[in-house]
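> have a look at this prediction, sequence included:
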Amino acid sequence: MALALAVVGLTARALRAQNAGPTAAPQRAPTPCADVAERHRFDFWIGEWTVTGPTGSGPAGSSSIQSVSGGCALLENWTSGNGGHGKSLNAYNPAVGQWQQYWIGQDGNPTEFRESSWVGPSIVFRAHVPAAGKSPATEMRLTFTPVDSNTVRQLGESSTDGGATWKTTYDLLYHRKTP
């Protein structure tokens, strides 16, 4: 009896599938960022990179920059020459009409670059770090400049006088790794 019920059940299931018609193709997830040019202005940074000092001497580290979330953001995976690690998430925010970056390194101190502007081919991020303990309030500026299709310069600067003067905190060249 159990075998007969199983055969009837399988036959009924097969008939339902046969009469259901063609199966609808799965819907693709929407990609609202794919065709928005402003969301791709920073794509020159995508790739696998060896990072050096400004003269190209001595490795400072390596970085992997990937397009993520359907082209809506760039994810950086940084490894310094001494083994330190950090990540940044970079995205164009249409609500404010600017790119923004959120950086976190293994020191546990995040930096939110909430403002940015384009100066020629360069993107310039800005952040404000409030005073803490004996450290004064600090303005931070982070500039990415495509030197050519295989080199990007990243310049970090800081100011403790409200932006009247700037001090270079680091100057790096990203060299695209060859496959």
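Structure's in. What do you need?

> for V68, what are its contacts?
L74, L75 (C-beta atoms under 8 Å, 6 or more residues apart in numbering). Any C-beta I mention is one placed from the backbone N, CA and C, and that applies to glycine too.

> all helices for the protein, in order.
Listed in chain order, the helices of the chain (DSSP state H) span 2-19.

> mind listing the strands for it?
47-52, 59-68, 73-80, 85-93, 98-105, 111-113, 115-119, 122-129, 138-148, 151-159, 167-176 (DSSP state E).

> nearest to V36, out of those strands?
strand 85-93 (7.6 Å; C-beta to C-beta).

> what does that closest one contact?
Contacts for strand 85-93 (C-beta under 8 Å, 6+ apart): 36, 38-39, 41-42, 45, 69, 72-80, 98-106.

> only the buried subset of these, as a ChimeraX command please.
Here is the ChimeraX command that selects the buried residues among those (16 or more other C-beta atoms under 10 Å):
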select :39,42,45,73,74,75,76,78,80,98,99,100,101,102,103
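
> so how far is P59 from the residue lying closest to Y92 once chain neighbours are set aside?
Using C-beta to C-beta, 6 or more residues apart in numbering and skipping the chain neighbours, the partner closest in space to Y92 is R39 (4.6 Å). Counting by C-beta to C-beta, to the nearest Å, the gap from R39 to P59 is 31 Å.

> residue contacts, T143?
By C-beta under 8 Å, 6+ apart, the residues touching T143 are V119, S122, I123, V124, F125, R153, Q154, L155, E157.

> now, among these, which is nearest to P54?
Using C-beta to C-beta, R153 is the member of those that sits closest to P54, with 7.7 Å.

> wait, P110 touches I104, no?
Yes - if you go by C-beta atoms under 8 Å, P110 and I104 touch, sitting 4.6 Å apart.

> which stretches of the chain have low pLDDT?
1-25, 29-30 (pLDDT under 70).

> returning to what we had before: measure the residue nearest to Y92 to N90 for me?
With C-beta to C-beta as the criterion, R39 and N90 are 11 Å apart.

> cool, S69 as well?
With distances taken as C-beta to C-beta, S69 is found 11 Å from N90.

> over to T79?
Distance from T79 to N90, by C-beta to C-beta: 18 Å.

> ok, the residue nearest to Y92 touching G71?
Yes - with contact defined as C-beta under 8 Å, R39 and G71 form a contacting pair (6.6 Å).

> all good on my end, thank you.
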